[in-house]
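Colleague: Quick one, what's the 3D model for this:
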Amino acid sequence: MAPEETKTEEGKVKKTRKSKKAEVETEVMGKEEIVSAIKGMTVMDLADLVKTLQDEFGVTAAPVAVGAVSTAAPGSQPAEVAVEEEKTEFAVVLKSIGEKKIEVIKAVREVTDLGLKQAKDLVEAAPQVVKESISKEEANTMRQKLEAAGAVVETK
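Modeller: Model (predicted):
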C-alpha cells in the first residue's frame, strides 16, 4: 500500500502507511534539515554516514581523478574508467588576419575592450590570444564575429 503524505505545522512532510496491524508514521526531513544535521556531525560520524550510504545505495564516494595515473596494483583491472570533466574556460586565438585587416581590427575592438592602437597591434602580431578564461558561449560568439570579418580563429 502506498504511503499518504501530509504536511505538519512546521512544514515537514509526514508519511503515513497503514498496514493490517497498525498505522506507521514517519517524518521526512527536507534538504535544509539534512544539511543542517550534517553540519553538526563530527568527522567520524560523517565517515560512518558515507560508508552507510555507500552500502545502502551501492555507490562509491571516491573522487574521480581526470587524467590521473592509476594507483591500482600491477596486473589488476581498473574498477571504473575516469570520466573526463567538461572544459568550462576557453581562449580565443587569432591565428591569422586574412585579407581584410581593417575589418578584423574592427571585430577585435567589438569583442574586446581594446582601443584602436591595441587592437591594431594585436591583429598585426597574430597569432595572438584575443581573450582567455571565457565561457563557451562567449568564445563561440567571439569566434563567429572574427571569422565573419575574415580572420582565422581557433578556440582552445
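
Colleague: Please identify which helix or strand holds residue 36.
Modeller: Element membership of residue 36, judged by DSSP states H and E, is helix 31-39.

Colleague: That helix - what's its average pLDDT?
Modeller: Per-residue confidence for helix 31-39 averages out to 85 on the pLDDT scale.

Colleague: Just the buried positions in it, please.
Modeller: Neighbour counts over helix 31-39 (16 or more other C-beta atoms under 10 Å) mark no residue as buried. For every residue, glycine as well, the C-beta is placed using N, CA and C.

Colleague: In three-state terms, label residue 94 for me.
Modeller: For residue 94, the secondary structure call by DSSP: H, G, I helix; E, B strand; the rest coil comes out as strand.

Colleague: What's opposite it in the beta bridge?
Modeller: Residues found in beta-bridge contact with residue 94 (criterion: DSSP bridges) are residue 128, residue 153.

Colleague: In terms of pLDDT, where does it sit?
Modeller: Per-residue confidence (pLDDT) for residue 94: 89.

Colleague: Tell me where the protein has strands.
Modeller: If DSSP state E is used as the criterion, the strands of the chain fall at 4-7, 13-18, 23-28, 90-96, 128-134, 152-155.

Colleague: For the chain, which segments are assigned as helices?
Modeller: Taking DSSP state H as the criterion, the chain carries its helices at 31-39, 43-57, 101-111, 116-124, 136-148.
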